Each structure stands twice: as C-alpha cells, then as structure tokens.
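Asker: What follows is a predicted structure for the sequence shown.
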Amino acid sequence: MTKTKAIIAVFAALLIISGLGALAVRSLPGGNVARVYVDGKQVREIPLDRDSETVIETAWGSNTITVTAGQLRVTEADCPDKVCIRTGILRGGVPIVCLPHRLTVTLGAGGDADAAVG
C-alpha cells in the first residue's frame, strides 16, 4: 500500500468513526433534549421531539429559543452582538453561547442532568 493510499484509508476510517459518533449522540436514551444554562446553572431542559418556542429571561437580557423539526436555534436576543443567533442550529458538541446574557445551550439525554453531551 502506498503512503497516499494509507493516508486516504486512515482519513476514511476517521470519517466513518465520527459519523457513527454523531449517530450515537442523536440516539441517546431518554430522547434528545437541549439543556439551557444561565451563569453555569441549568435553568431549563427543552425536548427536541416537538416544536416549541421558549423565552429565557436572565438578569442580563432575554433569548428566544425555537425548536422546529427537531432542530434548535436561538431566534431572538436583545444582546448587542447576536452571536447566539448567528451560531445557527445546535449541533453535537458545539454549544450555543450568549456571553452577554451568560447563557449556554447544549445537547443532552433527557431526565439525567449528569449525562450532558459535549
């Protein structure tokens, strides 16, 4: 096997493993939920299996979190930079963060606060 073929084989194996990891995250026991933290404390758990709109009010401002077709995103925020909105859809281990409001949204398994994914 040439060096180029070996590199391609390793790269392909890594892609397959990461794809399987993504599938494992999507099929967590207890259903997929998003966990909302304000100033490091969990304040809400939002199920991803039904459409919803949730307004999170903090001492520093508010964020509107919308779930549509199993996908979560921040759709409104009164922070100055709107990074939380521009982050887009919540995916895998990448949280949505609003630093001015001290808000973080992560994926996790339902009902078990110690099983955060990310």
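Answerer: That came through fine. Numbering: from 1, shown residues only.

Asker: Where do the helices of this structure begin and end?
Answerer: If DSSP state H is used as the criterion, the helices of the chain fall at 3-26, 83-86.

Asker: lowest-confidence stretch among these?
Answerer: Among the helices of the chain, helix 3-26 has the lowest mean pLDDT, at a mean of 74.

Asker: is it possible to export the helices of the chain to TSV including distance to Pro47 and mean neighbour count?
Answerer: C-beta coordinates here come from the backbone N, C-alpha and C atoms, glycine included. Output for those, formatted as TSV (distance: least, Cβ to Cβ, whole Å; neighbours: other Cβ atoms under 10 Å):
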stretch	distance to Pro47	mean neighbour count
helix 3-26	14	10
helix 83-86	20	16
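
Asker: can you tell which of those is closest to Ile46?
Answerer: helix 83-86 (14.6 Å; Cβ to Cβ).

Asker: tell me which strands and helices the closest one is in contact with?
Answerer: strand 71-77, strand 96-98 (3 or more Cβ pairs under 8 Å, 6 or more residues apart in numbering; DSSP states H and E).

Asker: hang on, the earlier thing: quick one: which of the helices of the chain is nearest Gly70?
Answerer: Comparing the helices of the chain by Cβ to Cβ, helix 3-26 comes nearest, at 9.1 Å.

Asker: export that closest one as PDB, just CAs?
Answerer: C-alpha atoms of helix 3-26 as PDB (Å, rounded to 0.1, in the frame of the first residue of the first chain):
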ATOM      1  CA  LYS A   3       1.700   6.200   1.500                       C
ATOM      2  CA  THR A   4      -1.100   8.100  -0.200                       C
ATOM      3  CA  LYS A   5      -3.500   5.200  -0.100                       C
ATOM      4  CA  ALA A   6      -2.700   4.700   3.600                       C
ATOM      5  CA  ILE A   7      -3.500   8.300   4.400                       C
ATOM      6  CA  ILE A   8      -6.800   8.100   2.500                       C
ATOM      7  CA  ALA A   9      -7.700   4.900   4.300                       C
ATOM      8  CA  VAL A  10      -7.000   6.500   7.700                       C
ATOM      9  CA  PHE A  11      -9.000   9.600   6.700                       C
ATOM     10  CA  ALA A  12     -11.900   7.400   5.600                       C
ATOM     11  CA  ALA A  13     -11.800   5.400   8.800                       C
ATOM     12  CA  LEU A  14     -11.900   8.600  10.800                       C
ATOM     13  CA  LEU A  15     -14.900   9.900   8.900                       C
ATOM     14  CA  ILE A  16     -16.800   6.700   9.500                       C
ATOM     15  CA  ILE A  17     -16.000   6.700  13.200                       C
ATOM     16  CA  SER A  18     -17.100  10.400  13.500                       C
ATOM     17  CA  GLY A  19     -20.300   9.600  11.600                       C
ATOM     18  CA  LEU A  20     -21.100   6.700  14.000                       C
ATOM     19  CA  GLY A  21     -20.400   9.000  16.900                       C
ATOM     20  CA  ALA A  22     -22.800  11.600  15.600                       C
ATOM     21  CA  LEU A  23     -25.500   8.900  15.200                       C
ATOM     22  CA  ALA A  24     -24.900   7.800  18.800                       C
ATOM     23  CA  VAL A  25     -25.400  11.300  20.000                       C
ATOM     24  CA  ARG A  26     -28.700  11.600  18.100                       C
END
